[in-house]
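Novice: give me coordinates for this.
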Amino acid sequence: MEERVEGQIVHEIRDLSTLNWTSERGFLATGGSKCKASAVVDGVRMYYKLSSFTQEEGITGHENFNEIVVDRLLDYLQYPHVSYRLIHAVIQMQGEEYDTYVCESRDMLGAKESKVSLASYYAAERMVGEDVYDFCRRMGWEEDICRMMLVDFLIFNQKRTGDNIEVIRDAEAGTYRLAPLYDHGTSLAYMCRDDMALHSYDVIKDRPVENFVGSTSLRQNVARMPAKYCKVLPPFDPALRRRLFEGMEDLVSEKWRTTVWHMLTERRQLYVNLCHPQG
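Specialist: I've put the predicted structure just below:
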């Protein structure tokens, strides 16, 4: 595990100028475009994404750094998730060259597997009057959904749509399962574009979010989880803080790291208060 953490951020610059980026308009008007690309590397499909892009400012934001922090947190919690790597790279975007950090992940599918969004699968397979949570419970995915709700609450994930929760089908076994957790860029102190904004940012406030399963309140979602899924969390101690931000000291500000850590510890404590897990 530690080897992956140490090699998870590649600081030596790489040439990724051949990637063909496509833009997906962000869910917030101020968020710019979310730019993604893919390529086959040594026979494996790899996916790449950037932090927010605007014509005026170029590549900005903390989305890719959020992915690495959450990746490491999920390692610590031992929750299934897609693994990310941060690569210092030169890319081409709309005729301009950028020196930036690119987030990389590998295809999560096995040879006999295919995927579909939960939104599409739910629309096709739900019973009359069945909401998304009850549908997932009927499919045997309630524990996975509760784990997702807990993680989204801890990191204050502002965008968990029916398109970034996926269902994986194994054609050989004839089974369906939820994909591992992924796509956490719009989380943590995502809305704060500079240190000035961080000074007044309330890390515990329950703001409404875009959410496909449950309500738009992350706090309500956690508070309503069945007691058997209110898992005891390990301590969020100084060793975890060092692990979460290792290799990022020169990439993001100390104020940002402090705010993110404060968010995680405060929201962990609120989870304990809400769900009363023993220990």
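
Novice: how many residues are close by the closest residue to residue 180 other than its chain neighbours?
Specialist: Leaving out its chain neighbours, the residue that sits closest to residue 180 by C-beta to C-beta, 6 or more residues apart in numbering is residue 80, at 4.1 Å. C-beta here means a position set from N, CA and C on the backbone, and glycine is covered the same way. The burial metric for residue 80, expressed as a neighbour count using other C-beta atoms under 10 Å, is 13.

Novice: now the one helix or strand residue 99 maps to: buried residues?
Specialist: Here residue 99 sits within strand 96-106, counting by DSSP states H and E. Using 16 or more other C-beta atoms under 10 Å as the test for burial, strand 96-106 gives 98, 100-105.

Novice: I'd like to know which elements that strand is packed against.
Specialist: If contacts are counted by 3 or more C-beta pairs under 8 Å, 6 or more residues apart in numbering; DSSP states H and E, strand 96-106 sits against strand 44-49, strand 58-59, helix 63-77, strand 85-93.

Novice: what residues are up against residue 199?
Specialist: residue 255 (C-beta atoms under 8 Å, 6 or more residues apart in numbering).

Novice: what about it, distance to residue 167?
Specialist: Taking C-beta to C-beta, to the nearest Å as the measure, residue 199 falls 42 Å from residue 167.

Novice: related to what we said a few turns ago, adding mean pLDDT, write the helices and strands packed on strand 96-106 out as TSV.
Specialist: Putting the helices and strands packed on strand 96-106 into TSV (pLDDT from 0 to 100) gives the following:
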stretch	mean pLDDT
strand 44-49	95
strand 58-59	78
helix 63-77	97
strand 85-93	94
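
Novice: those: which one's closest to residue 151?
Specialist: The closest approach between residue 151 and any of the helices and strands packed on strand 96-106, judged by C-beta to C-beta, belongs to helix 63-77 at 6.9 Å.

Novice: which neighbouring elements make contact with the closest one?
Specialist: Applying 3+ C-beta pairs under 8 Å, 6+ apart, one finds that helix 63-77 contacts helix 2-6, strand 85-93, strand 96-106, helix 142-155, helix 238-245.

Novice: hmm, who's touching that helix?
Specialist: Counting by C-beta under 8 Å, 6+ apart, helix 63-77 makes contact with 1, 4-5, 8-9, 34, 49-52, 81, 83-84, 86, 101-103, 151, 154-155, 181, 184-188, 190, 233-234, 240, 243-246, 248, 251-252, 260, 264, all of which sit outside it.
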